[in-house]
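**Student:** build the 3D model from these lines:
(chains A and B)
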Protein chains: 2
Amino acid sequence: MRCEVVAIGTELLLGQITDTNSSWIGEQLALVGIDSLFQTKVGDNLDRIVDTIELALSRSDAVICCGGLGPTQDDLTRTALAAVMGVPLVADEAMEEHIIGLFSGRGRPMPANNLRQAERPEGAEFIEQMPGTAPGLLCPVRRPGPDGTDRELVVYAVPGVPWEMREMVLGTVLGDLQRRAGITAVIRSRTLRTWGESESGLAERLAGRIDHLDGTGNPTIAFLASGIEGLKVRLTAKAPTEAEAESLLAAEEAEVRSLLGDLVFGVDDDTMESVVLDGLRRAGLTLAVAESLTGGMVGSRLCDVSGVSEVFRGGVVSYASDVKYEVLGVPEGPVVTTAAAASMAEGVRRLLGADVGIAATGVAGPAEQEGRPAGTVCLAVVSDPVGGGEPVVDTLELRLPGGRRQVREFTVITLLGLLRRHLLDRSA
Amino acid sequence: MRCEVVAIGTELLLGQITDTNSSWIGEQLALVGIDSLFQTKVGDNLDRIVDTIELALSRSDAVICCGGLGPTQDDLTRTALAAVMGVPLVADEAMEEHIIGLFSGRGRPMPANNLRQAERPEGAEFIEQMPGTAPGLLCPVRRPGPDGTDRELVVYAVPGVPWEMREMVLGTVLGDLQRRAGITAVIRSRTLRTWGESESGLAERLAGRIDHLDGTGNPTIAFLASGIEGLKVRLTAKAPTEAEAESLLAAEEAEVRSLLGDLVFGVDDDTMESVVLDGLRRAGLTLAVAESLTGGMVGSRLCDVSGVSEVFRGGVVSYASDVKYEVLGVPEGPVVTTAAAASMAEGVRRLLGADVGIAATGVAGPAEQEGRPAGTVCLAVVSDPVGGGEPVVDTLELRLPGGRRQVREFTVITLLGLLRRHLLDRSA
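**Tutor:** Residues are numbered from 1 along each chain as shown, chains lettered A, B, ... in the order given. So this is what the prediction gives:
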């Protein structure tokens, strides 16, 4: 089964918008075992859209068109699909009522143009999911095959707005494609997020398991790089039912976790910040952050998570050295040291009345500082031990590669990773 | 003149990497007046790469291939181009020596595979720019035209690594395409960055000027949205020489600035943060930041600019209300008010010994706070006036749309914009 993706819109060709939809769809197709051999961008031109869809149908079994479903004259996907199917566009009364209802429900006047969105090629169906005002389409097409008999092909049309597109692809398109391909199995995947080990290191730890799975072919394990945010290990399982696929995944996750231990920090949509905030919340601890080279990026990432206010007290951005001395009580002297980082962490948790303090100081570059090269970074985490006693301090010194932005981003994830490990040790 | 873009690589189809190259190339082609009607992604498969290039040559005059120029067996672009040209691949001795020299200069052993990169289709030229280890190619191709005589076509091959690709496209490809298209004019553009006015508002202010330019067609004015970072006004001029094009742009910039006044905050690569940091530096002022809902994002953006340490003292992230009261001296009471923002700004500049204080407080959402809905944001900027006297305080209250991330990002740019205006007023 082959499925091409056609992204429609002159703004895509002009580079005003980058087409990320076809990448995302390509990934989803691969996950369910459908090949996507070509992906094409074409502008808002009827003949060229029709030609592009026809070409795709001549070499694949299915086509997903993204975009061109809006209400304006530029939106030509519906018309193009009617031409490909060789049928007229018909107004769909039920959809007209639905769209009118959407607008009146929002108390907004409906431009008359919007009724164009209720048109469909005769014989096409609307896609059930409709998160916006643009309905998606499922268009059956027949073309003669190499042996003279008709091939049953299909063209889907989904909006260019990514979240609308995703809901339709996940809700209808992938399942319909699998059914047509005779793929009766349910395919599910789960992504384990790891931090602190290289790809070859992970591969070594998992080598025996991967060899074992190669024998059965199900589930499978794949590594995905995820920039500076660590490596992802994707588990994919195939089974007759969703429950069986999930149960295979759960068993495989347990196997992989037993081999990787606490290198695994989360699953699927977890982020390092959501994981440490959960850890703090479970332990009933509050957090304060002292930042130098990162300038507030640690706090900013934490505040991306909603509900952070239960845990996060705030922070001090001590960019100038004398702010470190005067506000955070760091002893005067060099500030790119683990001792200075530890003083910053202790200072900020005292100043802000938090249980845990974390700190980053270092040289973002391009110039060196205190004779230390760009990329030198010192981190600290401090908290009181369970049951009382002297504060426990973890520190780390690193030499990071790359430019200013990269050094700062790597500092943030590394500091959050150090905090995660500190919390694990604390609760051990 | 039509030029298609073919992005080569299975990882693009699988969504492991998003193809941003063809968007960027599409934008560059549009700027120099060349149409790009189709852009295609194809995997690492020789027949499909050849078919895709042939199809592109059948409907366009030129093709830019990105990717597939590396040293491994998967890198098939050179072989595909030899097939399209109907010639053998030949080893280029000068390029072999160059590549060997690159590796020995870096003190690294050269894998034997890398010499595959010194091969070129007979009759093809290497592109002069070669920022990495993969040479680009310029391949003349002939195909019969509709009138029976040969059409002179061209295929360029550039690496998939974006910065290598960009250097070759800007250095060789665009100029060669313009020459082939008989475009002798030099085309240059300049982008004015604006903040504080809608697209229709800008269009209204510039309507007379745009009408006037429509008569001459040179220079031209175009609006480009730039997300929450304001609107860009792009001026494009065509002239026989670079000096004349630049002089047309300079004159047009002066005209547009006279109509837009200080809505224009910068040019080309300027950002709001680089502009306010320059303003502070020129005025000899230092800055401190107090942040609540943004959690450190204002400081983090400022620290993206190198050399910020001359100006930026640091900040306090007062996420919890009692941190606002105790650390910044905000009077106890509601904290989502312009008065609280002003106290935060005054408090942080006093605590950190800075000349100028800025502050943001508000409700990031999703929950409301103090009975105020998500998206309510209060901002303040405070500094002492030139020549002394009572501090000057500017405040602003906003109701921002969107989710948590969007509210926070809009808060940052708006606060920096308020600081810019405060500095303009101060020096007026």
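**Student:** now do the buried residues in the helix or strand harbouring A:R282.
**Tutor:** Using DSSP states H and E, A:R282 sits within helix A:272-283. By neighbour count on 16 or more other CB atoms under 10 Å in any protein chain shown, the buried set for helix A:272-283 is A:M272, A:E273, A:S274, A:V275, A:V276, A:L277, A:D278, A:G279, A:L280. Every C-beta, even on glycine, is put in place using the N, C-alpha and C of the backbone.
**Student:** is the fifth one in contact with A:L416, as I believe?
**Tutor:** Yes. Under the contact definition of CB atoms under 8 Å, A:V276 touches A:L416, with a separation of 5.5 Å.
**Student:** that older thread, of the buried residues of helix A:272-283, list those near chain B.
**Tutor:** Applying CB under 8 Å from any CB of the partner chain to the buried residues of helix A:272-283, one finds that nothing falls near chain B.
**Student:** of those, which is the nearest to A:V381?
**Tutor:** Checking the buried residues of helix A:272-283 against A:V381 with CB to CB, the nearest one is A:V276 at 10.1 Å.
**Student:** quick one, what contacts that closest one?
**Tutor:** A:V276 sits next to A:L302, A:L416, A:L419, A:R420, A:L423 when contact means CB atoms under 8 Å, 6 or more residues apart in numbering or on different chains.
**Student:** what degree of burial does the third one show, as a neighbour count?
**Tutor:** Using other CB atoms under 10 Å in any protein chain shown, A:L419 is surrounded by 28 other residues.
**Student:** likewise the first one?
**Tutor:** Residue neighbour count, defined by other CB under 10 Å, stands at 27 for A:L302.
**Student:** the host helix or strand of A:C65 pairs with which strands, parallel or anti?
**Tutor:** If you go by DSSP H and E, A:C65 is part of strand A:62-66. Strand A:62-66 has the following strand partners under DSSP bridges: strand A:3-8 (parallel), strand A:150-158 (parallel).
**Student:** the stretch 201-350 of chain A against chain B: which residues are in contact?
**Tutor:** Neighbours of chain B within the stretch 201-350 of chain A, by CB under 8 Å from any CB: A:224, A:289, A:291, A:293-304, A:306, A:308-309, A:312-320, A:322-323, A:326-327.
**Student:** now do the strands in the stretch 1-150 of chain A.
**Tutor:** A:3-8, A:38-42, A:62-66, A:89-91, A:119-121, A:125-126, A:137-144, A:150-158 (DSSP state E, counting those that start in this stretch).
**Student:** excluding chain neighbours, what is closest to A:L115?
**Tutor:** The spatially closest residue to A:L115, leaving aside those adjacent along the chain, is A:E96, at 5.7 Å (CB to CB, 6 or more residues apart in numbering or on different chains).
**Student:** pLDDT weak spots in the stretch 151-300 of chain A?
**Tutor:** Along the stretch 151-300 of chain A, segments meeting pLDDT under 70 span A:225-226.
**Student:** which parts of it are helices?
**Tutor:** Under the criterion DSSP state H, counting those that start in this stretch, the stretch 151-300 of chain A contains helices at A:162-168, A:174-180, A:199-216, A:242-260, A:272-283, A:297-302.
**Student:** point out the most buried one among the ones you listed.
**Tutor:** Stretch with highest mean neighbour count among the helices of the stretch 151-300 of chain A: helix A:297-302 (a mean of 28; mean count of other CB atoms under 10 Å in any protein chain shown).
**Student:** name the helices or strands packed onto that one?
**Tutor:** Applying 3 or more CB pairs under 8 Å, 6 or more residues apart in numbering or on different chains; DSSP states H and E, one finds that helix A:297-302 makes contact with helix A:272-283, strand A:287-291, strand A:312-318, helix A:404-427, helix B:297-302.
**Student:** ok now that helix, how far from the chain's centre?
**Tutor:** Remark: helix A:297-302 is offset 18 Å from the chain centroid, using CA atoms, centre = their mean, to the nearest Å.
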